[in-house]
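Q: The following comprises the amino acid sequence and a computationally predicted model.
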Amino acid sequence: MASTFGGLEIAKSGMMTYNKAIQVTGHNVANLYTKGYSRQTVNMSALVANRSSLMVQGYGVTVADITRQRNEYYDTKYQTTTSTYNRYDMQAYYLKELQDRICGGISNDEKTLLTDAFDTFYAVLSNLTGNANNDTMRRQAISVAETFATTLTDVATNLQQLQQEANDNIRITVEQINSYADKIVSINRQINTIEAYGNTANDLRDQRSQLIDELSQLCNVEVLERMPENGVGTPQYYVYINGGVLVDTYNTNKLEVEQKTTYGNINDIRGCYEIQWANGDQFNPYANQLGGQLQALFETRDGNNGTTLKGTASGLTNNADGNLVLTITDTSCEDVQKLNIPAENGEIIVNGRTYAYDSFEVQVAADGSFTYQFTLSSKSSVQEATALQTAVTKGQSVSVGREVKFKGIPYYMAQLNEFVRTFAQEFNSVHKQGYDLKDNPGLDFFNATVAGTGDNYVFMERVDGVYASFSSIPTADGNGVYAGSYYYMNALNFTITKELQEDPGRIAAKGKSEDGGSLGSDNNDNLQRLTELKDKADMFVYGAPDKFIQAVTATLGVDAQKAITLASSQSDLLYAIDINRQSVSGVDEDEEGANMIIFQQMLLNQYKVLSVMNEVLDKLINGTAV
């Protein structure tokens, strides 16, 4: 037989259930604009409390649970797209910065900061041909040449500053990733504490999901929640980035940054950061799976378009100090104009193992082929020596520096280096064939500053198209003269020879007579040959010098526009995914308003049931005296 007071219990259950439903609906409305909030739903079930031989007596309704509305597919898609978008967006930012620093605010197909300085130099040089003996015009020519050289060094310096900015942002980004890891661990503890008692920590789970969304801006993120077997224990929550575990429920495996003592390229800044896991595992910052802003930062800082020096390990000896000397042949670079490996404190990679070198020497054969000999930085262990000897015995491939297939700052630095070396060599070669005002043979017009001393070089000419052998670290001869390769010249130390700065009369405008002497005071044949270099079509692969600069800036413009386009398309895709995600988890004000009215009416109905049952029981108890 049904309980006499069963009706009251039914009304009570309905009141409690619909009151909870109204509270949850109010909670949804209150968080209408809360970022990361997921709409919550009250799941109701019939309450069964009494059984008889003939029937099961229902006892109203109860709240089975309160669930947050999420779609795991959309969450994963959103985080992956966020990572991709932020990678391209960061690329676009730095490529735009590269454009600004190389072009200097002048950005059309024909004119940039560099081409403007180059054209001005040649305009003055051309004017000088009409009056080669005019001292004022000679001084103007030297002044404009200095401006041209300074413009190039300023651009290179600006690129180094941009590289420093990217390097600093790598450290900051790693700190942010570690901070997110700590916050996720803290929330994991709170979630498991609450849910251990049978509750559902919906709001805390939303906060954790929001942290994952924000973390995915910095790098690609994978998440795995493993529920306990048989419902015994607490869930395990893992966060993976770049193939490694960042968070393991209550534990973090943080990233650590350390400044390198070696360089990847000749113009790299000092102290580039490298990353490793706190547990000692290697972290590959150039893996495509890394994604996000962090990948873009490494690509910008280290991107060399894959143009590292490669070769074959062909010899291993010891020098007088006991250091190993590794010989590399069959190399990918036999042109000093394009050689951008560090002069010292560089990196050699053999079989995935990185060795540091102090310096290197280049031996040039009669056929122009290069043989490199790298002196490793310290006395290697027996194991390292054995590994290197094995590489030599097997003729294994060797890479000097890491191959990063992106056109970042090192790539554009290399383009500037190639320009100043090639143009300076061509210009100097012609200039040294002429004579100055006092009939002295011409000297190097463009030069490079010796680090530490401020001296200039005397550059070696190619003989029959073949370079002379050289050491990576220049040394002065007995007369204090630094004679050397154009490898020593780069965009950071490019300058005008001091003698020309001090005495514009040293400009070798006069040509050479048949007997090897000067052609006379009024002659300007050599100056005419110098002006013709401006349009020398075979100086570079791209053509004349100004065409080379235009090609470099055009490539940069194409890359920047590509990154902007990719970022824009990913932004559109991200918006579409977010709309779909919000259709599941977002709060609809109208829908919640309708639910509020429904639940309010249902609650009022429970009050009516309670009122009716009250009257029935009053009549039953007080009216009939049962």
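A: Done, it's in. Numbers count the residues shown, from 1 in each chain.
Q: where in the protein is pLDDT low?
A: The model of the chain has pLDDT under 70 over residues 1-4, 49-56, 105-111, 380, 514-521, 625-626.
Q: tell me the helices in it, going along the chain?
A: Assigned by DSSP state H, the helices in the chain fall at 6-30, 72-103, 113-129, 135-195, 202-218, 292-302, 382-394, 409-431, 498-502, 525-532, 545-585, 589-618.
Q: out of those, nearest to Gly244?
A: Among these, helix 135-195 comes nearest to Gly244, with 11.4 Å by CB to CB. Backbone N, C-alpha and C define where each C-beta goes, glycine included.
Q: any chance of the helices of the chain in JSON lines, with distance to Gly322 too?
A: JSON lines is the format used below for these (distance: least, CB to CB, whole Å):
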{"stretch": "helix 6-30", "distance to Gly322": "74"}
{"stretch": "helix 72-103", "distance to Gly322": "44"}
{"stretch": "helix 113-129", "distance to Gly322": "47"}
{"stretch": "helix 135-195", "distance to Gly322": "34"}
{"stretch": "helix 202-218", "distance to Gly322": "45"}
{"stretch": "helix 292-302", "distance to Gly322": "32"}
{"stretch": "helix 382-394", "distance to Gly322": "11"}
{"stretch": "helix 409-431", "distance to Gly322": "33"}
{"stretch": "helix 498-502", "distance to Gly322": "40"}
{"stretch": "helix 525-532", "distance to Gly322": "50"}
{"stretch": "helix 545-585", "distance to Gly322": "44"}
{"stretch": "helix 589-618", "distance to Gly322": "78"}
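Q: With respect to burial, which of these scores highest?
A: With neighbours defined as mean count of other CB atoms under 10 Å, these peak in mean count at helix 292-302, which reaches a mean of 26.
Q: Spell out for me which residue occupies the centre of this structure.
A: Leu297 (1.9 Å; CA atoms, centre = their mean).
Q: looking at the helices of the chain, which is closest to Gly346?
A: Nearest to Gly346, of all the helices of the chain, is helix 409-431, at 12.9 Å by CB to CB.
Q: Which elements pack onto the closest one?
A: Packing partners of helix 409-431 (3 or more CB pairs under 8 Å, 6 or more residues apart in numbering; DSSP states H and E): helix 72-103, helix 135-195, helix 292-302, strand 446-448, strand 457-459, helix 525-532, helix 545-585.
Q: for the ones you listed, which one sits closest to Cys219?
A: helix 292-302 (3.9 Å).
Q: Now for Ile66: which residues touch it?
A: By CB atoms under 8 Å, 6 or more residues apart in numbering, Ile66 lies in contact with Lys20, Val24, Gln40, Thr41, Val42, Asn43, Thr200, Asn202.
Q: ok, now with 10 Å
A: Lys20, Ala21, Gln23, Val24, His27, Gln40, Thr41, Val42, Asn43, Asn199, Thr200, Asn202 (CB atoms under 10 Å, 6 or more residues apart in numbering).
Q: And Pro504, by the same measure?
A: 128, 134-143, 145, 436-437.
Q: What of Gln415?
A: Contacts of Gln415 by CB under 10 Å, 6+ apart are 102, 305, 338, 340, 407, 491, 548-549, 551-553, 555-556.
Q: distance of Thr80 from Leu246?
A: According to CB to CB, to the nearest Å, Thr80 and Leu246 sit 16 Å apart.
Q: and if you look at Glu195?
A: 22 Å.
Q: Val481 - nearest residue in space that isn't next to it in sequence?
A: For Val481, ignoring the flanking residues on the chain, the nearest one in space by CB to CB, 6 or more residues apart in numbering is Val458 at 5.7 Å.
Q: If that neighbour is in a bridge, with which residues?
A: Ala483 (DSSP bridges).
Q: doesn't Tyr486 make contact with it?
A: No - between Val458 and Tyr486 there is no contact under CB atoms under 10 Å: 11.6 Å.
Q: quick one, which of those two is more surrounded?
A: Neighbour count, other CB atoms under 10 Å: between Val458 and Tyr486, Tyr486 has more, with 25 against 14.
Q: Return the residues in contact with the more buried one.
A: 335-337, 339, 417, 420-422, 424-425, 428, 448, 457, 459-462, 467, 470.
Q: can you check Ala30 too?
A: If you count contacts by CB under 10 Å, 6+ apart, then Ala30 has Tyr37, Val587, Glu592 around it.
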